[in-house]
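S.K.: heads up, no residue letters with this:
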Ligand SMILES: CC(C)(COP(=O)(O)OP(=O)(O)OC[C@H]1O[C@@H](n2cnc3c(N)ncnc32)[C@H](O)[C@@H]1OP(=O)(O)O)[C@@H](O)C(=O)NCCC(=O)NCCS
């Protein structure tokens, strides 16, 4: 199993994943649901790749790198790392967002993928801890986080805010 950074060579598998990903699933958002392969290649993919080194983006935009989890030749999930926190991210989505293909859930991929993502994030983020957020009703994702050594730092009505020490 490996995490591969978003790239042009894997475009078709990345597109299949992205176009099937819901617009909002448990707070994980995707503006490209249903996108055609042509639009993905011409617009979405160059934009998503550029987010690692943003050009002409508003001041609030934090660099973000997309990774895909591969098991042999099957793309099974997506993991996004935001490189540092702003006040909004600190009190919101945190450093990492992820999802696993619907037909591959419950097989340990979420837990394994977050482990690999945290290893990369530890070298990128300047903060002492990796920040994560999860909806209170999203038990699988809470387990994925707890399986990776996260602790619950605080909560509000709808979410738990977890952190992993570096
Ligand atoms: C959350 C998500 C990434 C979990 O991925 P996954 O590959 O199924 O995770 P795992 O297989 O590692 O399972 C983690 C735990 O959740 C449990 N689990 C998985 N699916 C479950 C389900 N539908 N119902 C109950 N428990 C479930 C597993 O049994 C496992 O439990 P364990 O730690 O006690 O063994 C996946 O469900 C998903 O993509 N959800 C939609 C997007 C999302 O919610 N992203 C996270 C936003 S914070």
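M.R.: Nice, I can see it. Here the structure is a predicted model, which is why all the values come from computation and not from measurement. Residues are numbered from 1 along each chain as shown.

S.K.: give the contact list for the closest residue to residue 89 other than its chain neighbours.
M.R.: Using Cβ to Cβ, 6 or more residues apart in numbering and skipping the chain neighbours, the partner closest in space to residue 89 is residue 82 (6.1 Å). C-beta here means a position set from N, CA and C on the backbone, and glycine is covered the same way. If you count contacts by Cβ atoms under 8 Å, 6 or more residues apart in numbering, residue 82 has them with 62-64, 89, 93-97.

S.K.: do that again at 7 Å, thanks
M.R.: 62, 64, 89, 95 (Cβ atoms under 7 Å, 6 or more residues apart in numbering).

S.K.: and residue 132, what does it touch?
M.R.: Neighbouring residues of residue 132 by Cβ under 7 Å, 6+ apart: 94, 96, 145, 150, 162-163.

S.K.: quick one: it from the ligand, how far?
M.R.: Residue 132 sits 7 Å away from the ligand, going by Cβ to the nearest ligand atom, to the nearest Å.

S.K.: who's that residue bridged to?
M.R.: Residues in a beta bridge with residue 132, per DSSP bridges, are residue 94, residue 162.

S.K.: picking that back up, if I look at the residue nearest to residue 89, how far off is the ligand?
M.R.: Applying Cβ to the nearest ligand atom, the value for residue 82 to the ligand is 13 Å.

S.K.: tell me how many other residues crowd residue 126.
M.R.: Number of residues near residue 126 (other Cβ atoms under 10 Å) recorded here: 8.

S.K.: so what does it look like in phi/psi?
M.R.: When read as degrees, to the nearest 10, the backbone of residue 126 gives phi -80, psi -20.

S.K.: show me what the helix with the most length in the chain is packed up against.
M.R.: Longest helix in the chain, counting residues (DSSP state H): helix 109-124. Under the contact criterion of 3 or more Cβ pairs under 7 Å, 6 or more residues apart in numbering; DSSP states H and E, helix 109-124 touches strand 2-5, strand 64-71, strand 74-82, strand 96-100, helix 139-147.

S.K.: can you pull the residues of the protein lying near the ligand?
M.R.: 25-28, 98-100, 105-111, 134, 138-141, 143-144, 147 (Cβ under 6 Å from any ligand atom).
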